[in-house]
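# no sequence for this one, just the structure:
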């Protein structure tokens with residue numbers, strides 16, 4: 001018999017960490033953003049912002065933890081000013097200027113128990129255990145997560161209106177055994193672009209006069225962070241924007257987790273690298289390595305190098321090659337539709353958003369008002385010939 005209960009206190013959630021890590025070991029779709037390291041650090045930085053209340057659901061079977069659904073409740077606003085009582089996943093819903101952009105978020109569930117955990121989570125939603133709510137909004141979930149369809153089925157079985165659809169995509173490389181096989185899989189045009197970026201780097205810097213550096217100690221971490229932060233600001237300042245590192249909350253979050261990633265906490269490794277040529281750093285990348293898979297998260301590059309020198313492409317090419325040599329299985333660019341990601345990737349994975357409306361009269365009225373406002377906005381944009389494309393700060 002499965003039974004769900006609520007955790008609404010940080011100390012209790014921190015105390016759950018050993019059992020939480022045990023669940024990760026048997027979960028069907030564990031990701032870095034599901035770990036105590038990531039979610040507890042996020043809550044400490046963002047938990048009480050915007051009036052959030054912790055609403056973490058844990059599901060147990062005979063005292064064994066088999067599910068953890070990390071939710072929060074807060075008041076939000078639909079345009080144009082429609083208030084909504086929202087349940088959403090931890091590590092989502094920040095102000096855009098502070099956004100961590102956690103991707104592949106969702107619940108942790110023991111493999112094979114997705115349907116049961118989904119039904120039990122739906123029960124507590126309907127029984128009011130989490131408090132009154134109008135909308136459940138779960139964003140940036142992986143299209144490979146087996147809980148998503150199970151949760152949709154469970155919600156509909158209770159008569160709850162729910163939609164689930166693609167809201168983005170993550171380009172990635174299923175890493176082949178050799179670098180040569182990867183190059184062949186790119187095809188002639190993209191293969192030429194990759195090889196040209198490496199040749200131009202050699203020509204400009206001088207063969208053997210460049211180095212791909214990686215942070216392995218705390219002092220190297222400090223150097224790598226300084227380089228990444230500076231090059232990120234330089235890259236975005238060139239386009240008249242600030243980039244995410246202008247946010248103190250964003251930087252505080254990463255200041256907390258990066259030393260712990262360097263130590264390999266929760267099985268996540270830090271891969272902070274910078275490309276040094278002619279004695280100066282010209283590019284930097286910040287990635288995680290988890291269960292043999294690389295997840296590229298952030299970058300920066302110099303903008304005053306010759307046009308033919310493409311530090312970003314060269315760095316990713318070198319990182320993909322070293323990942324193959326180290327026997328890793330995947331190089332994931334995470335979210336965003338940047339051209340360089342599509343050019344280097346061999347496949348894509350959808351990001352999903354699930355939205356559910358509570359069965360009460362108030363919730364249905366809020367949803368009707370939201371739908372009406374969205375249609376009106378769509379008609380206005382159409383009449384003006386406007387195409388709204390949101391630029392992600394992490395591209």
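Arrived safely, thanks for sending. Here the structure is a predicted model, which is why all the values come from computation and not from measurement.

# The stretch 101-250 of the chain: helices as residue ranges?
Under the criterion DSSP state H, counting those that start in this stretch, the stretch 101-250 of the chain contains helices at 114-126, 147-157, 179-186, 188-205, 218-237, 248-262.

# Of all those helices, which one is nearest residue 273?
Ranking these by proximity to residue 273 (Cβ to Cβ) places helix 218-237 first, at 7.4 Å. C-beta here means a position set from N, CA and C on the backbone, and glycine is covered the same way.

# So which bits of that closest one are buried?
221, 223-225, 227-229, 231-232, 235-236 (16 or more other Cβ atoms under 10 Å).

# on that earlier part again, looking at the helices of the stretch 101-250 of the chain, which is buried most?
Of all the helices of the stretch 101-250 of the chain, helix 114-126 has the most neighbours on average by mean count of other Cβ atoms under 10 Å, namely a mean of 21.

# Please work out which residues outside stretch 261-269 touch it.
21, 24, 32, 35-38, 215-216, 218, 221, 270, 272, 288-291 (Cβ atoms under 8 Å, 6 or more residues apart in numbering).

# Out of those, which end up buried?
By 16+ other Cβ under 10 Å, the contacts of stretch 261-269 give 24, 32, 35-38, 215, 221, 270, 272, 288-290 as buried.

# In helices only, show me the residues you listed.
24, 36-38, 221 (DSSP state H).

# Check the separation of the first and last residues in stretch 233-249.
Its first and final residues considered, stretch 233-249 spans 16 Å by Cα to Cα, to the nearest Å.

# What of stretch 1-10?
End-to-end distance for stretch 1-10, by Cα to Cα: 27 Å.

# separation between the residue nearest the centre of the chain and residue 46?
Most central in the chain under Cα atoms, centre = their mean is residue 103, positioned 2.0 Å from the mean C-alpha point. Residue 103 is 16 Å from residue 46, where distance means Cβ to Cβ, to the nearest Å.

# cool, residue 266 as well?
For residue 266, the distance to residue 46 - Cβ to Cβ - is 19 Å.

# Ok, residue 172 next?
From residue 172 across to residue 46, the span is 27 Å (Cβ to Cβ).

# likewise residue 96?
13 Å.

# More neighbours: those two, which one.
The neighbour count for residue 96 versus residue 46, taken as other Cβ atoms under 10 Å, is higher for residue 46 (22 against 11).

# Next secondary structure after whichever strand or helix holds residue 57?
Per DSSP states H and E, residue 57 falls inside strand 56-61. Later in the chain than strand 56-61, the nearest helix or strand by DSSP H and E is strand 64-69.

# what lines up beside that following strand in the sheet?
strand 56-61 (antiparallel), strand 108-109 (antiparallel) (DSSP bridges).

# so the residue nearest to the centre of the chain sits right up against residue 33, yeah?
Yes - with contact defined as Cβ atoms under 8 Å, residue 103 reaches residue 33; the gap is 7.0 Å.

# looking at the chain, which helix or strand is least sure?
Every helix and strand in the chain was compared by mean pLDDT, DSSP states H and E; the lowest is helix 361-384, with a mean of 66.

# Against residue 274, how distant is residue 222?
Residue 222 sits 12 Å away from residue 274, going by Cβ to Cβ.

# quick one, what contacts residue 100?
Each residue near residue 100 by Cβ under 8 Å, 6+ apart is listed here: 42, 46, 91, 94, 250, 253.

# swap in residue 325?
Residue 325 touches residue 179, counting by Cβ under 8 Å, 6+ apart.

# now residue 141: how far from residue 186?
From residue 141 to residue 186 the distance is 29 Å (Cβ to Cβ).

# sorry, that was for residue 222
The spacing between residue 222 and residue 186, counted by Cβ to Cβ, is 36 Å.

# Contacts for the longest strand seen in the chain next, please.
Looking across the chain with DSSP state E, the single longest strand is strand 161-174. If you take Cβ under 8 Å, 6+ apart as the criterion, strand 161-174 is touched by 103-104, 136, 139-140, 143, 148-149, 152, 155-156, 182, 320, 329-337, 341-342, 344-357, 367.

# Please repeat the previous calculation with a cut-off of 6 Å.
Here strand 161-174 makes contact (Cβ atoms under 6 Å, 6 or more residues apart in numbering) with 152, 155, 330-335, 341-342, 345-357.

# and if you look at stretch 1-14?
With Cβ under 6 Å, 6+ apart, stretch 1-14 has contacts from 54, 56-57, 59-61, 116, 120, 124, 129.

# change it to 7 Å
Contacts to stretch 1-14, defined as Cβ atoms under 7 Å, 6 or more residues apart in numbering, come from residues 16, 40, 43, 47, 53-61, 66, 116-117, 120-121, 123-124, 129-130.

# Below-threshold pLDDT in the stretch 251-395 of the chain: ranges please.
In the predicted model of the stretch 251-395 of the chain, residues 361, 373-374, 376-395 satisfy pLDDT under 70.

# Would you map the strands across it?
Ranges of strands within the stretch 251-395 of the chain are 268-277, 280-290, 293-301, 330-332, 347-357, based on DSSP state E, counting those that start in this stretch.

# Just the buried residues of the contacts of strand 161-174.
Among the contacts of strand 161-174, those classed as buried by 16+ other Cβ under 10 Å are 152, 155, 330-335, 341, 345-346, 348-349, 351-357.

# Shouldn't residue 83 be within a helix?
No - assessed with DSSP: H, G, I helix; E, B strand; the rest coil, residue 83 is strand; it does not lie in a helix.

# Give the bridge partners for it, please.
According to DSSP bridges, the partner residues bridging residue 83 are residue 77.

# any idea of the pLDDT on it?
The model reports residue 83 with a pLDDT of 85.

# Filter the contacts of stretch 1-14 down to the buried ones and express that as a PyMOL selection.
Applying 16+ other Cβ under 10 Å to the contacts of stretch 1-14, the buried members can be selected in PyMOL as follows:
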select buried, resi 16+40+43+47+54+55+56+57+58+59+60+61+66+116+117+120+121+123+124+130
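
# re earlier: out of the helices of the stretch 101-250 of the chain, which gets nearest to residue 316?
helix 188-205 (8.7 Å).
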